[in-house]
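# Sequence first, predicted coordinates after that:
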Amino acid sequence: MRSNLEFRRTTRKLEDAREAFADLETAVDFTSARHRFAAFVNASFAVINALRKDGGKSSEFKEWLSARLHEAEADPVAQFFKKARNKDFHEAQIDLNSELYVGSFSSDDAGPPPAKGASIVVGSTGIYWLVDKGKPSERRIPVRKGGHWSTRIRFANPPTVLRGKELVKLDPLSAARMELAFLDELLEAARREFATSDT
């Protein structure tokens, strides 16, 4: 079943999703993890859109892709990603929770404030400098030194089963890794079925 399709758009968008995943792997605080997870969710959605575009007007490909996506939608992780993308797009919200574990912290050792009037704020998302409190320019800058602490980032309501297997834990990085593997498999299957012989 070959329609001599090329998958250039999908390949580029999958590269974007891999880059977003690599960025997520290096997140060191809740704020960067939330931003990078949202970027990954949107990048993964763009892969599916590119695949649809690359399929063009091939009715065989449209049927094939529709069947694969319908099958995937039964998967709790795929459902989770679809809901996460919709929630981020429509409500500007990603459902991540966090817990802060502090071994030690000294504000005296945190270094100088990044701006005049900045104060230190400690909460479940981490330890931050709060700059321009109450102003439109208000922002939180992660504190990088002054003790030992860690932040555990998790989903509010994660799926507990993946392809019939019980998930012990599903953190944002593990979920993104699973989604990326699914996208890789989907593109590879599309190439096997529909790509030109030299692709």
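Happy to help now that I have it.

# what ranges do the strands span in this structure?
96-105, 119-123, 126-131, 139-142, 147-155, 161-162, 165-166 (DSSP state E).

# Give me the angle between the lengthiest helix in the chain and strand 119-123.
Assignment by DSSP state H gives helix 30-55 as the longest helix of the chain. Counting by axes from the mean of the first three to the mean of the last three CA atoms, to 10 degrees, helix 30-55 lies at 70 degrees to strand 119-123.

# what comes up buried for helix 30-55?
By neighbour count on 16 or more other CB atoms under 10 Å, the buried set for helix 30-55 is 30-31, 33-34, 36-48, 50-52, 54-55. In this view, the C-beta of every residue, glycine as well, is placed from N, C-alpha and C.

# That one packs against which elements?
In terms of contacts (3 or more CB pairs under 8 Å, 6 or more residues apart in numbering; DSSP states H and E), helix 30-55 is packed against helix 8-25, helix 59-73, helix 76-91, strand 96-105, strand 126-131, strand 139-142, strand 147-155, helix 172-194.

# if you compare these, which one is most tucked away?
With neighbours defined as mean count of other CB atoms under 10 Å, those peak in mean count at strand 126-131, which reaches a mean of 20.

# From the rest of the structure, what touches that one?
Strand 126-131 is touched from outside by 29-31, 98, 100, 102, 105, 110, 113-115, 117-121, 137-143, 146, 149, 151, with contacts defined as CB atoms under 8 Å, 6 or more residues apart in numbering.
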